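Student: prediction below, plus the sequence it came from.
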Amino acid sequence: MSNDENTSKNNDQEEYNEIKGKTKLRRHDSLDIESTNVRGHHGHGFKEMSWAVVLSLAFQSLGVIYGDIGTSPLYVYASTFPKEIKDSKDILGVLSLIYYTITLLPLIKYVFIVLRANDNGKGGTFALYSLLCRNAKVGLLPSTQIEDQQVSNYQLKLPSNQLGVSLKLKKFLENSIVSKYILLIVTMLSTSLVIGDGVLTPSISVLSAVGGLKAASKSVFTEGRVVWISVAILILLFSVQRFGTDKVGYTFAPIVSVWFVMNAGIGLYNFIKYDPTVIKAVNPWHIIQYFMRNGKEAWISLGGVVLCVTGTEALFADVGHFSVKSIQISMSVVVYPALMLTYSGQASYLRLHQDEVTNAFYNSIPGPLYWPMFVIAVLSAIIASQAMISGTFSIIQQSLALGCFPRVSVVHTSDKFEGQVYIPEVNYIIMTASVIVTLAFRTTEKIGNAYGIAVVFAEAITSSFMILVMLVIWKTNVVIVIVYVCCIMSVEMIYLTSVLYKFPHGGYFPIAFACLLLAIMFIWNYVYRKKYYYEVENKVSPETLREITSQRNFCRIPGLAIFYSELVHGIPPIFEHYAANVPALQSVVVFASIKSLPVSTVPPEERFLFRRVNPRELYIFRCVVRYGYTDARNDDEPFERLLVERLKEFMRDDFWIHASSKQIEQRQGDVVEFIENEPEHEYIHNGENEEETMKSQEAELESEIEVVERASRVGIVHMMGESEVISGKGAGFGKRIVIDLAYNFIKRNLRQTDKALDIPRKRLLKVGMTYEL
């Protein structure tokens, strides 16, 4: 045998092995071709930005994420001293607490530590949870595939060093089903608390800002009138949410900048005019003296002090709209100094006017600036509320994508800014709750009791997740983690014990509200997973599919059918139910599963995964459409057209891989031996055969593509399984309550799947089936 023939044989063997390698995953019923032929690659996180862009984002962030923490000076001192200031030295103790609380929590913890734990630029509790799910097998989502890890944004850039503690903790989390449930439940709880913030932030911000009217004229603007004016502003605020955050928030963004500048200027003026000696509060010894003088009352007052860090979760949740560097600059250069001056100025004023603590902010404003500051305060309170409301919408969108929230309509309000969403049902629920809270509590002091619990609980949960991220993902030295716990988390725990003391005085509201939401989310997720496992256990086997399609009374009709299912492995059982009642099927069928991955976004070229179901002449395909938890559907690119185009691309790839596999297998068997007998003549003859074979294969491929194009031209029908879920025979009492009563009640009062997915109703066919779980 010649060298050329040996080379040809070796090349054939290599090509054969390569094809076998590509098709190896099929034995695991995976959708692998599309994921191994990806065009393009998306890196991690933000691309390098110029300083001009960073500074521009830093300025924009002032008006979007700092409204809440920026308006906290309206009510902190009033909430800390609800009755009176007994000793002027107490003001130094509280100011010292404010100094170190703002320095430790928003500045050091969030800006310089937590922001680093973003998920490809996205933040929030679900971002931390998704990081853990991808690095350790702690997720409970049932629709996991091998190909998920091949999404370019899925893999994390991890340190190469391996710590014994990290490996042990990771192994423990992966092997403990209890720890997996705890992580999921704590994530849901944190989400519920942030949604509670979305109720309380508008109430306390608007009510405290409008409360400035009482300082102008107590006889005209009574408490009742201030409350009703606040309610009117709240209703107006929630009514304009449908126009989108970019139109509402960015319109007033410069106002927050003016708010910080004015507060800093007035604070500096008061600091110089009244009592510059309050600068002594930088000495933490005043904190110790404050507790020594007041004991239990000082500990209780921490519930008011902690309100100075409200809205810090927004720093992390909204990092996706900006960048880590831009937020670090805006916080360090503008927000932090402005807050320090504002609280110092108020403390200086209160040192000489202790009886005016209930309205310290407005009383400390110089006369000529009173009304301008009032207007700016109201507008800033509206912006602060807007930021928290839009953050609530984004968090619910993430929960919905990961199967942890009931179906609701998500409206994407901006083509310019990614992640700007509006959820009508949630908007009106939060509006109703905010109005009720304002009418029921009536004062910022009482709302502050409720607000503090929601704020500190959410921050403590974030710190708990950060410890896991440090150990499992970052592989941080244990000593550094211990320092973090002692210096930051211990402070949060002390604040948590204080705010829990106010549980009977309004603190029960966020806990009750969060528990209600947690119950709804957990019930929905529990049944969601049970339904999925039921479909996996009862999916249609290839043999059953052949039997169905080979029946005499079963016919194929022109057209393309998209059959929606949550199942990503196999054909759902509801198809067998459909075929038994309607013995007809379109000429091309695609079983589509809309799936969310635990990543913030999936690049468009990696979104669709296809597989052809055998026998090939049936023209039945499976498709998994993958989205990240912040991805939006692009209305400019209709889903139907995208699916058909990607299907044709897949068919081309699949056809040549299938043809090459058959050809190489045949050549491995007998072609080489045939060439040895007649080397020269048959080499030329074989080349001619290959050219003819190639032409016939191209014609065959175009014929297959034409089948799909003709079917899509005839019409696309959307089929959706509408399963009714009931508890199975022998189910326990608790299971019957959860499935038959709670889940079905939630399902009946929320949107149907077709409305949530915006499926055209005129071409929608629903197939009903009962699942006994």
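Tutor: Looks like it came in fine. Numbering: from 1, shown residues only.

Student: helices along the stretch 301-450 of the chain, start to end?
Tutor: Counting by DSSP state H, counting those that start in this stretch, the stretch 301-450 of the chain has helices at residues 312-317, 324-330, 336-352, 360-363, 370-401, 424-441, 444-468.

Student: same thing with the stretch 151-300 of the chain?
Tutor: Ranges of helices within the stretch 151-300 of the chain are 164-175, 177-210, 212-216, 223-239, 245-248, 253-273, 285-294, 296-305, based on DSSP H, counting those that start in this stretch.

Student: JSON lines please, covering these and showing mean neighbour count, mean pLDDT and distance to residue 76.
Tutor: The C-beta positions use only the backbone N, C-alpha and C, and glycine is treated the same way. Below are these laid out as JSON lines (neighbours: other C-beta atoms under 10 Å; pLDDT from 0 to 100; distance: least, C-beta to C-beta, whole Å):
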{"stretch": "helix 164-175", "mean neighbour count": "14", "mean pLDDT": "85", "distance to residue 76": "38"}
{"stretch": "helix 177-210", "mean neighbour count": "24", "mean pLDDT": "89", "distance to residue 76": "10"}
{"stretch": "helix 212-216", "mean neighbour count": "18", "mean pLDDT": "77", "distance to residue 76": "15"}
{"stretch": "helix 223-239", "mean neighbour count": "17", "mean pLDDT": "89", "distance to residue 76": "19"}
{"stretch": "helix 245-248", "mean neighbour count": "19", "mean pLDDT": "54", "distance to residue 76": "26"}
{"stretch": "helix 253-273", "mean neighbour count": "19", "mean pLDDT": "92", "distance to residue 76": "13"}
{"stretch": "helix 285-294", "mean neighbour count": "16", "mean pLDDT": "95", "distance to residue 76": "15"}
{"stretch": "helix 296-305", "mean neighbour count": "19", "mean pLDDT": "93", "distance to residue 76": "6"}
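
Student: residue 578: which of those helices is closest?
Tutor: Residue 578 sits nearest to helix 177-210 of all the helices of the stretch 151-300 of the chain, at 33.3 Å, using C-beta to C-beta.

Student: from the chain's centroid, how far away is that closest one?
Tutor: For helix 177-210, the separation from the chain centroid amounts to 14 Å (computed by C-alpha atoms, centre = their mean, to the nearest Å).

Student: any chance of the helices of the stretch 151-300 of the chain in CSV, plus distance to residue 710?
Tutor: Formatted as CSV, the helices of the stretch 151-300 of the chain follow (distance: least, C-beta to C-beta, whole Å):
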stretch, distance to residue 710
helix 164-175, 49
helix 177-210, 46
helix 212-216, 70
helix 223-239, 49
helix 245-248, 43
helix 253-273, 53
helix 285-294, 78
helix 296-305, 69
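
Student: how about low-confidence regions in this protein?
Tutor: Scanning the chain with the threshold set as pLDDT under 70 gives 1-48, 141-163, 243-253, 412-420, 598, 600, 629, 632-637, 662-688, 750-760.

Student: show residues contacting stretch 210-224.
Tutor: Residues from elsewhere that reach stretch 210-224, judged by C-beta atoms under 8 Å, 6 or more residues apart in numbering: 74, 225-226, 229-230, 233, 359, 361-363, 370-371, 373-374, 377-378, 381, 442-444.

Student: stretch 533-553 too?
Tutor: Contacts of stretch 533-553 (C-beta under 8 Å, 6+ apart): 142, 554, 565-567, 569-573, 575-576, 579, 583, 585, 613-615, 618, 620, 771, 773.

Student: what packs against the longest strand along the chain?
Tutor: Criterion DSSP state E: the longest strand present in the chain is strand 584-596. Contacting strand 584-596 under the criterion 3 or more C-beta pairs under 8 Å, 6 or more residues apart in numbering; DSSP states H and E are the following elements: strand 555-564, strand 620-627, helix 639-666, helix 679-714.

Student: so which of the ones you listed is nearest residue 171?
Tutor: Ranking the helices and strands packed on strand 584-596 by proximity to residue 171 (C-beta to C-beta) places strand 620-627 first, at 28.5 Å.

Student: and the closest one, what does it pack onto?
Tutor: Using 3+ C-beta pairs under 8 Å, 6+ apart: strand 620-627 touches strand 584-596, strand 608-613, helix 639-666.

Student: with mean neighbour count and distance to residue 218 as added columns, please give the ones you listed in a markdown table.
Tutor: Output for the helices and strands packed on strand 620-627, formatted as a markdown table (neighbours: other C-beta atoms under 10 Å; distance: least, C-beta to C-beta, whole Å):
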| stretch | mean neighbour count | distance to residue 218 |
| --- | --- | --- |
| strand 584-596 | 21 | 54 |
| strand 608-613 | 21 | 65 |
| helix 639-666 | 16 | 59 |
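
Student: in CSV, list those along with distance to residue 701.
Tutor: What follows is these, written out as CSV (distance: least, C-beta to C-beta, whole Å):
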stretch, distance to residue 701
strand 584-596, 15
strand 608-613, 13
helix 639-666, 5
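
Student: relative to residue 292, which of the ones you listed is closest?
Tutor: strand 584-596 (53.4 Å).

Student: can you check what angle separates the closest one from helix 639-666?
Tutor: 100 degrees (axes from the mean of the first three to the mean of the last three C-alpha atoms, to 10 degrees).

Student: what lines up beside strand 584-596 in the sheet?
Tutor: Each strand paired with strand 584-596, and its direction, by DSSP bridges: strand 555-564 (parallel), strand 620-627 (parallel).

Student: for it, output the C-alpha coordinates as CSV.
Tutor: Taking Å, rounded to 0.1, in the frame of the first residue of the first chain, the C-alpha atoms of strand 584-596 are listed here in CSV:
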residue,chain,number,x,y,z
ALA,A,584,-53.8,14.0,12.3
LEU,A,585,-50.5,15.9,12.5
GLN,A,586,-48.9,18.6,10.5
SER,A,587,-46.2,17.6,8.0
VAL,A,588,-43.5,19.2,10.1
VAL,A,589,-43.6,19.2,13.9
VAL,A,590,-41.3,20.9,16.4
PHE,A,591,-41.6,20.1,20.1
ALA,A,592,-40.4,23.4,21.6
SER,A,593,-39.3,23.9,25.3
ILE,A,594,-38.8,27.4,26.5
LYS,A,595,-36.1,27.1,29.1
SER,A,596,-34.2,29.5,31.4
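
Student: wait, what's in contact with the residue most central in space within the chain?
Tutor: Centroid check for the chain by C-alpha atoms, centre = their mean gives residue 398 as the closest residue, at 3.0 Å. Each residue near residue 398 by C-beta under 8 Å, 6+ apart is listed here: 124, 126, 191, 629-630.

Student: need those in a markdown table with secondary structure and distance to residue 138, can you?
Tutor: Shown next, in a markdown table, are the contacts of residue 398 (DSSP: H, G, I helix; E, B strand; the rest coil; distance: C-beta to C-beta, whole Å):
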| residue | secondary structure | distance to residue 138 |
| --- | --- | --- |
| 124 | coil | 18 |
| 126 | helix | 14 |
| 191 | helix | 17 |
| 629 | coil | 16 |
| 630 | coil | 21 |
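
Student: still on that earlier bit, what subset of the contacts of stretch 533-553 is buried?
Tutor: 142, 565-567, 569-573, 575-576, 579, 585, 613, 618, 620, 771, 773 (16 or more other C-beta atoms under 10 Å).
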